[in-house]
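Student: Any chance you could fold what I've pasted below:
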Amino acid sequence: MKIISIFFLLAISAGCVVWPPQLMVNNKMEETITKIVYRYDDSSVPPKYHRSYKIEAIDNKISIVVDSYGQILAQEEFPITANQFSELVVYLNEKRVSSAKNTESMGCTGGTGENIGFFAGAKVVFKGYVYHCGGKDYGDMVGDVEGFATKIKSFIPKFDKLRVSDILCK
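Tutor: Numbering: from 1, shown residues only. Prediction:
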């Protein structure tokens with residue numbers, strides 16, 4: 001299976017489109033990924049400072065919804081290429097973002113959370129979360145989640161401007 005993974009990474013780096021992208025599960029190519037969802041849940045702060053967001057990539061587009069405790073502040077959609085979509089799957093494989101035994105926060109409050117989901121049609125192929133609190137990580141997901149977040153956010157033009165939306169800051 002390493003040969004398949006290496007071929008997949010070389011094809012992406014050479015600018016070739018490997019389509020459809022597949023997720024590695026237990027070192028085996030598994031499901032064809034059709035949708036990727038990343039969600040960031042901000043800490044408990046007053047509404048005018050709170051910014052959570054969800055980024056969803058499907059085939060040839062990526063969208064972001066920024067909210068403050070459920071109130072939508074910004075919502076945008078942008079085109080992406082098949083290469084960009086495949087890069088997200090490759091990154092998840094490459095950085096070994098995977099499921100782990102769930103660890104509870106043991107009462108730690110005020111942290112931030114991240115969720116990642118990969119889907120093959122309606123089927124959940126991978127879903128995990130990590131809760132960052134008190135300098136520790138809790139949840140059922142391990143690996144370079146921060147790097148994955150940086151990667152998916154890089155496909156959102158003007159990400160920081162959308163996230164800092166001043167709608168509630170008036």
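Student: where do the helices sit along the chain?
Tutor: With helices called from DSSP state H, the chain shows them at 2-13, 82-94, 145-153, 159-163.
Student: where among the ones you listed is the average confidence lowest?
Tutor: Here the lowest mean pLDDT among the helices of the chain goes to helix 2-13, at a mean of 39.
Student: what residue lies at the spatial centre of this structure?
Tutor: Taking Cα atoms, centre = their mean, the centroid of the chain lies closest to Y38, which sits 3.1 Å from it.
Student: For that one, which residues are in contact?
Tutor: Counting by Cβ atoms under 8 Å, 6 or more residues apart in numbering, Y38 touches K54, I55, E56, E114, N115, I116, G117, F148, A149, I152. Backbone N, C-alpha and C define where each C-beta goes, glycine included.
Student: For A57, see how far away the fourth one is.
Tutor: In other words, E114. Counting by Cβ to Cβ, to the nearest Å, the gap from E114 to A57 is 15 Å.
Student: likewise the fifth one?
Tutor: As for N115, its distance to A57 is 14 Å (criterion: Cβ to Cβ).
Student: Which of these two has more residues huddled nearby?
Tutor: Neighbour totals were compared for N115 and A57, and A57 leads with 24 against 18 (other Cβ atoms under 10 Å).
Student: ok, K101 touching G139?
Tutor: No: in this structure K101 lies outside contact range of G139 using Cβ atoms under 8 Å: 10.1 Å.
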